[in-house]
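Trainee: Pasting a predicted model and its sequence here:
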Amino acid sequence: NAGVMQNPRHLVRRRGQEARLRCSPMKGHSHVYWYRQLPEEGLKFMVYLQKENIIDESGMPKERFSAEFPKEGPSILRIQQVVRGDSAAYFCASSPRLGGTYEQYFGPGTRLTVT
Amino acid sequence: DAKTTQPNSMESNEEEPVHLPCNHSTISGTDYIHWYRQLPSQGPEYVIHGLTSNVNNRMASLAIAEDRKSSTLILHRATLRDAAVYYCILRDNAGNMLTFGGGTRLMVKP
C-alpha cells in the first residue's frame, strides 16, 4: 500500500506565476489535509477536504490560494500569483476517517521556492 | 483543541531510553493524545496515540498520567535516526486538523 504521494517534490516559480501542488492520498483514504511550514516555523493547518467538498478552510489565506479534491484524481493546492512569502514546504496528509482516534499519514512534501 | 506544553529540546545518548514529557492540564475527557515526529527535511510521521491507558507499538510507548494532565513518550533505545522534532497533540473526537506547537527537538549523541 503506497503512502501519501506528493508531486512535485521541489517547485521553483517566479513571482506572479502560478503554483500547482498535487497530493494523492493513501488508498482508501477519503480525507485530505494540507499544511504549510514556513522556513524556521511550525506546521500550520491550511485546509481539510473530502471528495469533492471543502470541509474546513479556516487556515487558508483569503486570496490567491485554493484547493480541490475531485471525484477522480489527486487533491490540488493552487497558488495564484505567487509571492516570495509563499516559499515554504507544503505537506499533504490523509486519513481513513474523521475523528480523534485516527492518525494522519503525511506525504514527503513539496518545497516551493519563489524567486 | 486544548494546548500542550513541551520542552524545547532534549539530548540523549545513543542506545539509551528517552522520556519525552508533555503537559496538557486543560485536556478534556474526549481528547486523544497523539504524538508525531518530523525528521529533518521530511514530512511528519505518526508515532503513537492513546486516550487513557498506556499504549505500546513498534516505535514507542506512551505513558499517560492517571489524571491525564500529562503524558510521556518513551523511546526504549534511541538511535541516531530518532533525532527529530517530536510533537504532542491533543485531538477531540470531532477533530479534523492537527494543531502543531513547537515540539521538542531531540538530539541523539553517538
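Mentor: The structure has been received and is ready for your questions.
Trainee: for chain B, what are the nearby residues on chain A?
Mentor: Proximity of chain A to chain B, by CB under 8 Å from any CB of the partner chain, involves residues A:4, A:31, A:33, A:35, A:42-45, A:48, A:55-56, A:59, A:91, A:93, A:98-101, A:103-109. Where C-beta positions appear, they are placed from N, C-alpha and C, glycine not excepted.
Trainee: now chain B, which segments are flagged as low pLDDT?
Mentor: For chain B, the stretches with pLDDT under 70 are B:1-2.
Trainee: picking up where we left off before, now go through the residues of chain A next to chain B and say which are in strands.
Mentor: Among the residues of chain A next to chain B, the residues falling in strands (DSSP state E) are A:31, A:33, A:35, A:43-45, A:48, A:55-56, A:91, A:93, A:105-106.
Trainee: before we move on, back to that, are any of the residues of chain A next to chain B buried, and which?
Mentor: Those of the residues of chain A next to chain B that meet the buried threshold are A:4, A:31, A:33, A:35, A:42-43, A:45, A:48, A:59, A:91, A:93, A:98, A:100, A:103-109, by 16 or more other CB atoms under 10 Å in any protein chain shown.
Trainee: The spatially most central residue of chain A and residue A:54, how far apart?
Mentor: With distances taken as CA atoms, centre = their mean, residue A:34 lies nearest the centre of chain A, 3.5 Å away. From residue A:34 across to residue A:54, the span is 11 Å (CB to CB, to the nearest Å).
Trainee: intersection of neighbour lists for the two?
Mentor: A:47, A:67 (CB atoms under 8 Å, 6 or more residues apart in numbering or on different chains).
Trainee: Name the residues of the helix or strand containing residue B:19 that are buried.
Mentor: Here residue B:19 sits within strand B:18-23, counting by DSSP states H and E. Using 16+ other CB under 10 Å as the test for burial, strand B:18-23 gives B:18, B:20, B:22, B:23.
Trainee: Same question for stretch B:59-76.
Mentor: So, applying 16+ other CB under 10 Å, buried residues of stretch B:59-76: B:60, B:61, B:62, B:63, B:64, B:68, B:70, B:71, B:72, B:73, B:75.
Trainee: Using CSV, write out every CA atom in the strand holding residue B:19.
Mentor: What follows is strand B:18-23, C-alpha atoms only, in CSV (Å, rounded to 0.1, in the frame of the first residue of the first chain):
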residue,chain,number,x,y,z
VAL,B,18,14.4,8.6,26.2
HIS,B,19,11.5,10.1,28.0
LEU,B,20,9.8,13.0,26.3
PRO,B,21,7.3,14.8,28.5
CYS,B,22,4.2,16.7,27.6
ASN,B,23,1.8,18.7,29.8
